[in-house]
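Trainee: predicted model and sequence below, questions to follow.
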Amino acid sequence: MPIAQDQLDLIVTALGTGSVVPYLGPGLLNGVPEAPVPATPEALAALMTAKVSVPHKIRKRLTQAAQFIENFKHRKSVVLLMNEAFTPQAQVSTLHRLIARSHAPLVVDSWYDDTLLAAMAAENAQRELGQIQGLSQSEHFGTWTGAYDASGALAPAVPPEWRTLVYKPIGGHHPAGNYLVSDSDYVEVLTEIDIQTPIPAEVQALRSGRHFLFLGCRFNDQLTRSFARQIMKRSSDRHWAVLPDVPTRMEARFLEEQDITRLDMSLDDFATRLAAEVLA
């Protein structure tokens, strides 16, 4: 069923007023021709386990494979593999550009690639922006997040002049190779996320009362549901998710629980229609 015009109008208005938080998942890379970086957890697991031998039963399970490598090689081996996977720069898609041009006060980017940051740099040359990344407790014990300015320099605090904040809750490649990827990484965060400890105060403030727009996200995994649920906490009661695939039972339950309207269309079609409205 095509997206209803009234829903698109609401999204366009929310983007224009800064009242929507784009929440990007790895599926956004599906709109990039021949993306040189992995676009699914399964693809990332395959890339890592092609270079390091792990037991067959966990070869397709990203967090377990990463944990095995961390245990029997070293944490540095995990970081090296992740850096190799995400060093190539993917082409910026139409949706990446539209999100960058929207000047949304907060964008959540829940994958490790640098594509959104590249779009932000190209579209917001004169705009103050920065990012906050989730940090692994195995490398930064007691510190949950790190903030970086547009140049990649570590920021001791989020300055008030930042007009756009990119929040990468599971870390990212640029600038420091911070990754939450192994079982132990997630156990540490999930132990505290219900009481919001790992979520920066700046993100908690910016999400308040705002809508979320999920692009390239699936909720068929407990990890993705847990992160989305806690990041959305205390936001508005109206959200959207572009989800062309038929939701699983758990996904459908999550969408209903979180007041997320499913937009049954491809990301390419959504990008085309959104561009027609935004750039008209």
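Mentor: All right, it came through fine.

Trainee: which parts of the stretch 1-150 of the chain are helices?
Mentor: For the stretch 1-150 of the chain, the helices defined by DSSP state H, counting those that start in this stretch cover 5-17, 41-49, 62-72, 75-86, 94-101, 115-123.

Trainee: shaky segments in the stretch 1-150 of the chain?
Mentor: Judged by pLDDT under 70, the stretch 1-150 of the chain has its weakly predicted residues at 1-3, 124-127.

Trainee: quick one: Pro41 from Pro156, how far?
Mentor: According to C-beta to C-beta, to the nearest Å, Pro41 stands 33 Å off from Pro156. Bear in mind the C-beta positions are built from the backbone N, C-alpha and C, glycine included.

Trainee: compare these two (neighbour count), which wins?
Mentor: Pro41 (20 against 7; other C-beta atoms under 10 Å).

Trainee: domain parsing for the protein?
Mentor: 5-41+87-278, 42-86 (automatic domain parsing).

Trainee: how far does the shortest one stretch from start to finish?
Mentor: Yep, that's domain 42-86 we're talking about. Domain 42-86 stretches 15 Å from its first residue to its last (C-alpha to C-alpha, to the nearest Å).

Trainee: number the residues from 260 up from this point.
Mentor: Understood, numbering begins at 260; the last thing we discussed is domain 301-345.

Trainee: mind checking the SS state of Met509?
Mentor: Put simply, Met509 is helix when judged by DSSP: H, G, I helix; E, B strand; the rest coil.

Trainee: could you look up the SS state of the closest residue to it other than its chain neighbours?
Mentor: In space, and not counting its chain neighbours, Met509 is closest to Asn479: 6.4 Å by C-beta to C-beta, 6 or more residues apart in numbering. What three-state DSSP gives for Asn479 is coil.

Trainee: so Met521 belongs to a helix, correct?
Mentor: For residue 521 the amino acid is Arg, not Met. No: going by three-state DSSP, the assignment for Arg521 is strand, not a helix.

Trainee: residues near the nearest residue to it once chain neighbours are set aside, how many?
Mentor: With C-beta to C-beta, 6+ apart as the criterion, Arg521 has its nearest non-adjacent residue at 5.0 Å, and that residue is Leu502. With neighbours defined by other C-beta under 10 Å, the count for Leu502 comes to 25.

Trainee: go ahead and confirm Leu502 touches Thr520.
Mentor: No: here Leu502 does not reach Thr520: they are 9.9 Å apart, not a contact under C-beta atoms under 8 Å.

Trainee: anything in contact with each of the two?
Mentor: Counting by C-beta atoms under 8 Å, 6 or more residues apart in numbering, the shared contacts of Leu502 and Thr520 are Leu514.

Trainee: quick check: phi and psi at Pro297.
Mentor: phi -60, psi 140 (degrees, to the nearest 10).

Trainee: contacts only, for it.
Mentor: Applying C-beta under 8 Å, 6+ apart to Pro297 gives the contacts Pro285, Leu303, Ala305, Leu306, Ala344, Phe345.

Trainee: what separates the residue nearest to Met509 from Ala294, distance-wise?
Mentor: Separation of Asn479 from Ala294 (C-beta to C-beta): 21 Å.
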